[in-house]
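Engineer: Here is a sequence with its predicted model. Questions after.
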Amino acid sequence: MSALGFAWKIDPDDLLHVLYFVAIVAEAMTAALAAGRRQMDWVGVALLGAITALGGGSVRDVLLGRYPLSWVEHPSYLLITGGAALATIVIARHMHHLRRLFLFLDAVGLVVFTIIGCNVAIGLGMPVVIVLAAGMITGCAGGVLRDILCTEVPLLFRAELYATVSIVTGGLYLGGRWLGLPHDLVMLGAMCLGLALRLLALRFGWSMPKFVYTESLH
Amino acid sequence: MSALGFAWKIDPDDLLHVLYFVAIVAEAMTAALAAGRRQMDWVGVALLGAITALGGGSVRDVLLGRYPLSWVEHPSYLLITGGAALATIVIARHMHHLRRLFLFLDAVGLVVFTIIGCNVAIGLGMPVVIVLAAGMITGCAGGVLRDILCTEVPLLFRAELYATVSIVTGGLYLGGRWLGLPHDLVMLGAMCLGLALRLLALRFGWSMPKFVYTESLH
Amino acid sequence: MSALGFAWKIDPDDLLHVLYFVAIVAEAMTAALAAGRRQMDWVGVALLGAITALGGGSVRDVLLGRYPLSWVEHPSYLLITGGAALATIVIARHMHHLRRLFLFLDAVGLVVFTIIGCNVAIGLGMPVVIVLAAGMITGCAGGVLRDILCTEVPLLFRAELYATVSIVTGGLYLGGRWLGLPHDLVMLGAMCLGLALRLLALRFGWSMPKFVYTESLH
C-alpha cells in the first residue's frame, strides 16, 4: 500500500506512469512547434516530435547499455509521440491561448523524466553521480537533440534553469531516499519542488550567469 | 532455388548484397559533394563519406543493441566508403554530367537500405512498427548525420518524399510477406515501387505539405 | 619491469594514466573557451566540458558495444571535467598568456586519446583498420561533439592535421608493435612523433588540401 494511499486513491507509481505519457506528449508537441518555426514538412514534424520526446531516455539507455530501449519494447510510444506532433499542426492556430499550458506541461515533463531517469540508474545499482547524470540526461537530452536537428545551439546550454532544475529534482529525490523518508512522499515532493523552481524561473526570468569569452584559441 | 531464378540467374540475396555496395558507394559520393560545398579538406571528405554511408546502419544497430556493427565486422566497408568519397574529388569536375546517375543511385540506396533494415529487425523478432522504423533509420539516418555535420537542418525533415519513400517501401515489403507472396518477388517489387515513387517525386517536385509556425513559445 | 625503467623510474602505464587526466582536463578547458565564445551559461560550460573530454571514448565504446563506459565506471571523471571547465571561467582572463600551453596540452590529449583508443580495440581483438579507427574516434569525436553542440562545422573536417595526426600516431604504434619493438618504447615513440607532427602543423600552418565544390546536387 502506498504511503499516500490514504490521501488519494491513486498509486504513485501509476501516477508516474500517467505523468510519463503527459510528458512525452507535451515534449512531442513543443518539438512540433520548433519544427514549424523551421518550416519542416509533416514527416519532419512527426519525426522531430518522436525523437525529442523519446530521445532523452534513448540516449540514457544507450550510454548505460540498457536494452531494449523503451520505444523498442513499447512501439506504441512512437505512434503516440509522432501522432501528438501531427495533431499539433491542427491545433497550432489556437496555440497562443495554450502557451502557458504548454510551458507548464513541458516543466512537468522535465521533472517526471528526471525522476524516471534516476530510478533507472538506481535500479542498475549506479553510484550517486551517475544517478543524477541519468536523471539529467533523461530530462534534457531530448531537447538537445531537437535543437541540434534544428541547427540551434541547445537552449539547455545557454538559457533558463533547465539542467539546474533537473539536478535539484534528482538531488532532492536522492536526499529524501537517503534520509529514509517514505518513497512516495519523496518522489512527489521532489517533483513538486523541482516544478516550482522551474515555474518560478520562467516567471521571473531567472538564469545562470553566462560565461562570455571573445578571444580565439586558434 | 529463388522464386525468380528461372527469369534471371542471379540469386536475389546476392543481388541485395551487390546493391548494398552500390548503395554505400553512392551515399559516400553524394556526401563527398556535400563536403566539397562546405570546403572540407580531404580527410573530412573521407570521414563524411564513411559516416554518411555507414551511419544509418550504425544508428539502427546501436538503438537495437545489435553488435558488432557491420563496419566493425567488415572493416573493408570503411575503406570502400572513404575511398569512394576521395575518388569523388577527382571525378567531381565531370559530376554535372553524372548528376542524374547520382540521384538515381542515391534513390537505389534509399530503398536497398530500407529493405536491409527491415530484414535486420525481422531477424530480431521485432514488431511491425519497429521493423518499419528500422528500415527508415537505416535508409535515412546517414543523411541526417551528414546534414548535422554540415550544420544544415536535415533535408529529411524539410523536403522531398525521402522518409515517405522508406515507409512505403517497408510497408509494401511487410504487406507482401504478410500476404504470403514469394519473398524474392516481394523484396524486388517493394524496391522497384519505392524507387519509382522516389524518382517520380524528384521528377515532378512532389513533397509533403509543410508546417509553418511563426510564434515563439519562449 | 618497464623497458625504459632504467631511464626513468616512472612506469609507462602509470605515465599513460597521468597523461589521460592531463588530456581530459585540457579538453574540458578548451571546450569551456568554445562555450564562452557562444556565451553559454555556467551549466552549459560544465556540460560542454564533460561531453567534449569524455565524448570521444564514449562514442568509441558505444560503437564497439563495450560497457560500462569509462565515466559510468569512474563517475569522478564527470566531476573532474565539469570542474575543470568551470575553473576555466575564473582563469580565462589570464588565458591569452596560456594560449600556447593550451594548444600544447590539447595536442598531448590527441595522441594520448589515440593510443588509449588503439589499446582498447587491440584488447577486444579487433583488426588493424578498426584499431586505427578506434584511436581516431577516441582522439577526435569529443571535438566533433563540441563543434556540433556549438553549431559549427567540425574543425576536424576542415582544418589542420588533426585526424591525420591521430592516424599517424596509431599507425606508428601498430607498426612498432608489429616489428616486435619493446611496447613502452613504441608507445612513447608514437606519442612523441605524433605530438611533434601536430606541433609542427600548428607552427607552420600545415593543412590537408581542401575539396571545393560549388554546384548543387539537388
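Structural biologist: That came through, no problem.
Engineer: Number of residues surrounding A:Val22?
Structural biologist: Residue crowding around A:Val22 was assessed by other C-beta atoms under 10 Å in any protein chain shown; the count is 13. (Each C-beta comes from the backbone N, C-alpha and C, glycine too.)
Engineer: The one 3 residues further on too?
Structural biologist: Burial of A:Val25, expressed as a neighbour count using other C-beta under 10 Å, amounts to 21.
Engineer: Can you tell me the closest non-neighbouring residue to it?
Structural biologist: A:Ala84 (4.5 Å; C-beta to C-beta, 6 or more residues apart in numbering or on different chains).
Engineer: Could you say which helix or strand holds the one you found?
Structural biologist: If you go by DSSP states H and E, A:Ala84 is part of helix A:76-91.
Engineer: contacts for stretch A:86-104?
Structural biologist: A:26, A:28-30, A:32-33, A:36, A:42, A:45-46, A:49, A:199, A:202, B:211, B:213, B:215, B:217 (C-beta atoms under 8 Å, 6 or more residues apart in numbering or on different chains).
Engineer: What sits closest to A:Met191 if chain neighbours are left out?
Structural biologist: Closest to A:Met191 by C-beta to C-beta, 6+ apart is A:Val111, at 4.5 Å.
Engineer: what residue ranges in chain A are flagged as low confidence?
Structural biologist: A:1-10, A:95, A:159, A:216-218 (pLDDT under 70).
Engineer: if we can go back for a sec, which of the contacts of stretch A:86-104 are buried, as a PyMOL select command?
Structural biologist: Selecting only the buried entries of these in PyMOL, with 16 or more other C-beta atoms under 10 Å in any protein chain shown as the criterion:
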select buried, (chain A and resi 26+28+29+30+32+33+36+42+45+46+49+202) or (chain B and resi 211+213+217)
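Engineer: Keep only those of the contacts of stretch A:86-104 that are in helices.
Structural biologist: Per DSSP state H, helices hold the following members of the contacts of stretch A:86-104: A:26, A:28-30, A:32-33, A:36, A:42, A:45-46, A:49, A:199, A:202.
Engineer: Out of those, flag the one nearest to chain C.
Structural biologist: Closest approach to chain C among those (C-beta to the nearest C-beta): A:Leu202, at 15.4 Å.
Engineer: Buried ones in the longest helix along chain A, by neighbour count?
Structural biologist: Looking across chain A with DSSP H, the single longest helix is helix A:95-123. Using 16+ other C-beta under 10 Å as the test for burial, helix A:95-123 gives A:95, A:98, A:102-122.
Engineer: residues from chain A in reach of chain C?
Structural biologist: A:62-65, A:126-130, A:133, A:144, A:148, A:151-154, A:156-159, A:163-164, A:207-218 (C-beta under 8 Å from any C-beta of the partner chain).
Engineer: Make sure the residue nearest to A:Val25 is actually in contact with A:Leu48.
Structural biologist: No. Counting by C-beta atoms under 8 Å, A:Ala84 does not reach A:Leu48; the two are 11.6 Å apart.
Engineer: shared neighbours of these two, anything?
Structural biologist: Common contacts of A:Ala84 and A:Leu48, defined by C-beta under 8 Å, 6+ apart, comprise A:Ala32.
Engineer: that older thread, now the ones in helices among the contacts of stretch A:86-104 in JSON lines, with distance to C:Gly194?
Structural biologist: Shown next, in JSON lines, are those (distance: C-beta to C-beta, whole Å):
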{"residue": "A:Ala26", "distance to C:Gly194": "49"}
{"residue": "A:Ala28", "distance to C:Gly194": "46"}
{"residue": "A:Met29", "distance to C:Gly194": "49"}
{"residue": "A:Thr30", "distance to C:Gly194": "46"}
{"residue": "A:Ala32", "distance to C:Gly194": "47"}
{"residue": "A:Leu33", "distance to C:Gly194": "47"}
{"residue": "A:Gly36", "distance to C:Gly194": "48"}
{"residue": "A:Trp42", "distance to C:Gly194": "49"}
{"residue": "A:Val45", "distance to C:Gly194": "46"}
{"residue": "A:Ala46", "distance to C:Gly194": "46"}
{"residue": "A:Gly49", "distance to C:Gly194": "45"}
{"residue": "A:Leu199", "distance to C:Gly194": "52"}
{"residue": "A:Leu202", "distance to C:Gly194": "49"}
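Engineer: Closest one of the residues you listed to C:Cys140?
Structural biologist: Checking the ones in helices among the contacts of stretch A:86-104 against C:Cys140 with C-beta to C-beta, the nearest one is A:Gly49 at 32.1 Å.
Engineer: who's in contact with the nearest residue to that closest one once chain neighbours are set aside?
Structural biologist: Nearest non-adjacent residue to A:Gly49, counting by C-beta to C-beta, 6+ apart: A:Ala85, 2.5 Å away. Neighbouring residues of A:Ala85 by C-beta under 8 Å, 6+ apart: A:28-29, A:31-32, A:35, A:45-46, A:48-50.
Engineer: re the thing from before, for chain B, see how far away the residue nearest to A:Val25 is.
Structural biologist: Relative to chain B, A:Ala84 is positioned 13 Å away (C-beta to the nearest C-beta, to the nearest Å).
Engineer: Can you pick out the residue with more neighbours from A:Ala84 and A:Leu48?
Structural biologist: Between A:Ala84 and A:Leu48, counted using other C-beta under 10 Å, the more crowded position is A:Leu48 (29 against 22).
Engineer: thought that one was touching A:Leu33?
Structural biologist: No. With contacts counted by C-beta under 8 Å, A:Leu48 stays clear of A:Leu33, the gap being 10.0 Å.
Engineer: hmm, back to that, how far does the longest helix of chain A sit from its chain's centre?
Structural biologist: Counting by C-alpha atoms, centre = their mean, to the nearest Å, helix A:95-123 is centred 4 Å from the centre of its parent chain.
Engineer: which helices and strands does the helix or strand that it is followed by pack with?
Structural biologist: Once the chain leaves helix A:95-123, the next helix or strand it forms, by DSSP H and E, is helix A:128-149. The contact analysis (3 or more C-beta pairs under 8 Å, 6 or more residues apart in numbering or on different chains; DSSP states H and E) places helix A:128-149 against helix A:12-37, helix A:42-64, helix A:95-123, helix A:162-178, helix B:128-149, helix C:76-91, helix C:128-149.
Engineer: Dump the C-alpha coordinates for helix A:128-149 into CSV.
Structural biologist: Provided in CSV are the C-alpha atoms of helix A:128-149 (Å, rounded to 0.1, in the frame of the first residue of the first chain):
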residue,chain,number,x,y,z
VAL,A,128,25.0,8.8,-6.9
VAL,A,129,26.8,10.9,-9.5
ILE,A,130,25.6,8.6,-12.3
VAL,A,131,22.0,8.5,-10.9
LEU,A,132,21.9,12.4,-11.0
ALA,A,133,23.5,12.3,-14.5
ALA,A,134,21.0,9.7,-15.7
GLY,A,135,18.2,11.9,-14.4
MET,A,136,19.5,15.0,-16.2
ILE,A,137,20.2,13.1,-19.5
THR,A,138,16.6,11.7,-19.4
GLY,A,139,15.2,15.1,-18.7
CYS,A,140,17.3,17.2,-21.1
ALA,A,141,18.9,15.2,-23.9
GLY,A,142,15.7,15.1,-26.0
GLY,A,143,15.6,18.9,-26.1
VAL,A,144,19.3,18.9,-27.0
LEU,A,145,18.6,16.5,-30.0
ARG,A,146,15.7,18.7,-31.0
ASP,A,147,17.9,21.8,-31.0
ILE,A,148,20.8,20.1,-32.9
LEU,A,149,18.3,18.9,-35.6
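Engineer: one step back: farthest pair within the ones in helices among the contacts of stretch A:86-104?
Structural biologist: A:Trp42 and A:Leu199 (32.2 Å).
Engineer: between the ones in helices among the contacts of stretch A:86-104, which is closest to chain B?
Structural biologist: The closest of the ones in helices among the contacts of stretch A:86-104 to chain B turns out to be A:Gly36 (C-beta to the nearest C-beta; 2.7 Å).
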